[in-house]
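Trainee: structure for the following, please:
(one chain, ligands or ions: 1)
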Amino acid sequence: MGTFFKYQGTGNDFVMIDNRLNDISLSESQIEHLCHRRFGIGADGLIIIENADGYDFRMKYYNADGKEGSMCGNGGRCAVKFASDLGVFSGSTSFIAVDGPHEASIENDIVSLGMIDVSGVETLEQAWFLNTGSPHYIAFEKSLETKNVKDAGAEIRYADFWVNRGGTNVNFVEQIGENEIFVRTYERGVEDETYSCGTGVTAAALISNLEKGLSSPIKIKTLGGNLSVGFANPSGHNFTNIELKGPAIRVFEGVF
Ligand SMILES: N[C@@H](CCC[C@H](N)C(=O)O)C(=O)O
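Mentor: Residues are numbered from 1 along each chain as shown. From the prediction side, this is the model:
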């Protein structure tokens, strides 16, 4: 038996576990079960907080399929709120995740999370591909509100080309204002559309700068709420000082 907490960041929801005493060990099938929306707690992923030398904490992220994932931006924001709620730090923090160190700060329920620098943006036929801590395919759309993102996303995610490259998350993006985009994401490892994806909206914002000339900070609408992404673009397809900002909320706690 262990204690769990549940957090959500713009509707991307996570089971959170404090393992700073290093007394919890979960198998892939246990994590999948805990994330199951019918037979478990229900979540897009599970995050474990641990102690880490030189940092306030380590964030380990698992997708809903029970497998360790690449970086999760909304999960990172929720992990920062969780660590703050646990009293691990106050105000600003530095933590380590699968893609390296991150700096973050929190004010009430709003978390600003520094993301890794981005280079190596690939141009594809009518789409883009880049890694913002997780791999993301980006395509611009019209009438995104009515798109069947689950089917269209799965078709791309399971194409041989992407499967052979380790899979990708798939984002559809529509410009809805002078400096605002609407993003819907099919997530690898959840194998469904989620209400929001932090590394996905970050990727969408950077590509909106390249393709549509939108400037930092870019406002983002997702199915689960609003985010913003700030960045510097010192040269061509390279981005630095990337910051993902938005709400991270504790939903409830319990025992499993
Ligand atoms: N929801 C996440 C993205 C998580 C990573 C992804 N599903 C993967 O492993 O490919 C986010 O907020 O960034």
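
Trainee: residue in the stretch 1-150 of the chain nearest to the ligand?
Mentor: Using CB to the nearest ligand atom, the closest approach of the stretch 1-150 of the chain to the ligand is made by Gly69 at 3.1 Å. Bear in mind the C-beta positions are built from the backbone N, C-alpha and C, glycine included.

Trainee: could you pull out the helices for the stretch 1-150 of the chain?
Mentor: Taking DSSP state H, counting those that start in this stretch as the criterion, the stretch 1-150 of the chain contains helices spanning 28-35, 73-85, 149-157.

Trainee: turn those helices into CSV, columns for mean neighbour count and distance to the ligand.
Mentor: Formatted as CSV, the helices of the stretch 1-150 of the chain follow (neighbours: other CB atoms under 10 Å; distance: least, CB to the nearest ligand atom, whole Å):
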stretch, mean neighbour count, distance to the ligand
helix 28-35, 18, 12
helix 73-85, 27, 4
helix 149-157, 16, 10
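
Trainee: before we move on, the earlier item: the residue of the stretch 1-150 of the chain closest to the ligand contacts Tyr61, doesn't it?
Mentor: Yes. Contact criterion CB atoms under 8 Å: Gly69 and Tyr61 qualify, at 5.0 Å.

Trainee: what do the two both touch?
Mentor: Applying CB atoms under 8 Å, 6 or more residues apart in numbering, one finds that Gly69 and Tyr61 are jointly contacted by Gly45, Val98.

Trainee: neighbours of Ala52, just the number please.
Mentor: Ala52 has 16 neighbouring residues, counting by other CB atoms under 10 Å.

Trainee: name the nearest residue to it, sequence neighbours excluded.
Mentor: Once flanking residues are discounted, Ala52 sits nearest to Arg58: 3.7 Å by CB to CB, 6 or more residues apart in numbering.

Trainee: my read: that neighbour touches Phe95, true?
Mentor: Yes. Counting by CB under 8 Å, Arg58 touches Phe95, with 6.7 Å between them.

Trainee: so between the two, which is more surrounded?
Mentor: Phe95 (22 against 18).

Trainee: return the set of residues that bridge with that one.
Mentor: Applying DSSP bridges to Phe95 gives these bridge partners: Phe57, His102.

Trainee: cool, and Asp192?
Mentor: Going by DSSP bridges, Asp192 forms beta bridges with Glu187.

Trainee: pretty sure it contacts Lys150?
Mentor: Yes. Between Asp192 and Lys150 there is a contact under CB under 8 Å: 5.8 Å.

Trainee: so Tyr61 bridges to which residues?
Mentor: Here Tyr61 sits in beta bridges with Ile47, as judged by DSSP bridges.

Trainee: packing partners of the longest helix along the chain?
Mentor: Counting residues, the longest helix in the chain under DSSP state H turns out to be helix 198-212. Helix 198-212 sits against helix 73-85, strand 127-131, strand 135-140, strand 169-177, strand 180-187, strand 218-222, strand 225-235, strand 238-247, with contacts defined as 3 or more CB pairs under 8 Å, 6 or more residues apart in numbering; DSSP states H and E.

Trainee: format the ones you listed as TSV; extra columns: mean pLDDT and distance to Asp65.
Mentor: TSV is the format used below for the helices and strands packed on helix 198-212 (pLDDT from 0 to 100; distance: least, CB to CB, whole Å):
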stretch	mean pLDDT	distance to Asp65
helix 73-85	98	15
strand 127-131	98	20
strand 135-140	98	16
strand 169-177	98	13
strand 180-187	98	10
strand 218-222	98	22
strand 225-235	95	24
strand 238-247	98	23
